[in-house]
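# Need a 3D model of the sequence below.
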Amino acid sequence: MYICVCNAVTDTDIRTAVAGGVRDLKQLRKTTGCASTCGNCKEMATEVLARALTEKSEAQGLLAMMQPA
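Below you'll find the predicted structure:
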């Protein structure tokens with residue numbers, strides 16, 4: 001789904017950016033251009049970014065628990 005129409009940024013692009021190390025909206029803007037033109041997507045971009053960060057954190061936690069002691 002397109003989040004930022006101005007810069008053709010999708011929710012998948014945001015998740016990919018998070019996987020690449022993006023941690024906040026400022027970094028997302030710099031990396032993808034999302035929310036840097038008209039700003040109408042800022043709220044949705046922030047929500048998708050937060051969800052992607054949470055999912056990444058949870059996945060890392062699960063991986064850590066699966067590692068042998």
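# Look up the closest residue to residue 53, ignoring the ones flanking it.
Distances taken as C-beta to C-beta, 6 or more residues apart in numbering put residue 18 closest to residue 53, at 5.8 Å, once the chain neighbours are dropped. For every residue, glycine as well, the C-beta is placed using N, CA and C.
# Output the one helix or strand the one you found maps to as CSV, restricted to C-alpha atoms.
Using DSSP states H and E, residue 18 falls within helix 11-19. C-alpha atoms of helix 11-19 as CSV (Å, rounded to 0.1, in the frame of the first residue of the first chain):
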residue,chain,number,x,y,z
ASP,A,11,4.6,0.2,3.6
THR,A,12,7.0,-2.4,2.3
ASP,A,13,9.6,0.4,1.6
ILE,A,14,9.2,1.5,5.2
ARG,A,15,9.7,-2.0,6.6
THR,A,16,12.8,-2.4,4.3
ALA,A,17,14.2,0.9,5.6
VAL,A,18,13.7,-0.3,9.2
ALA,A,19,15.4,-3.6,8.4
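# Can you show me the helices along this structure?
11-19, 25-32, 42-66 (DSSP state H).
# thought residue 3 was touching residue 45?
Yes - Residue 3 lies in contact with residue 45 (C-beta atoms under 8 Å); the separation is 5.3 Å.
# Give me the common contacts of those two.
Common neighbours of residue 3 and residue 45, using C-beta atoms under 8 Å, 6 or more residues apart in numbering, are 9, 14, 34.
# Now for the nearest residue to residue 2 once chain neighbours are set aside, how many residues are close by?
With sequence-adjacent residues excluded and distances taken as C-beta to C-beta, 6+ apart, residue 2 is closest to residue 10, at 5.6 Å. By other C-beta atoms under 10 Å, 15 other residues sit near residue 10.
# if I read this right, residue 10 contacts residue 1, doesn't it?
Yes - between residue 10 and residue 1 a contact is recorded at 6.3 Å, counting by C-beta under 8 Å.
# where does the chain dip in pLDDT?
Within the chain, the ranges that satisfy pLDDT under 70 run 69.
# List the residues that contact residue 6.
Shown in contact with residue 6 (C-beta under 8 Å, 6+ apart): 33, 36, 37, 38, 41.
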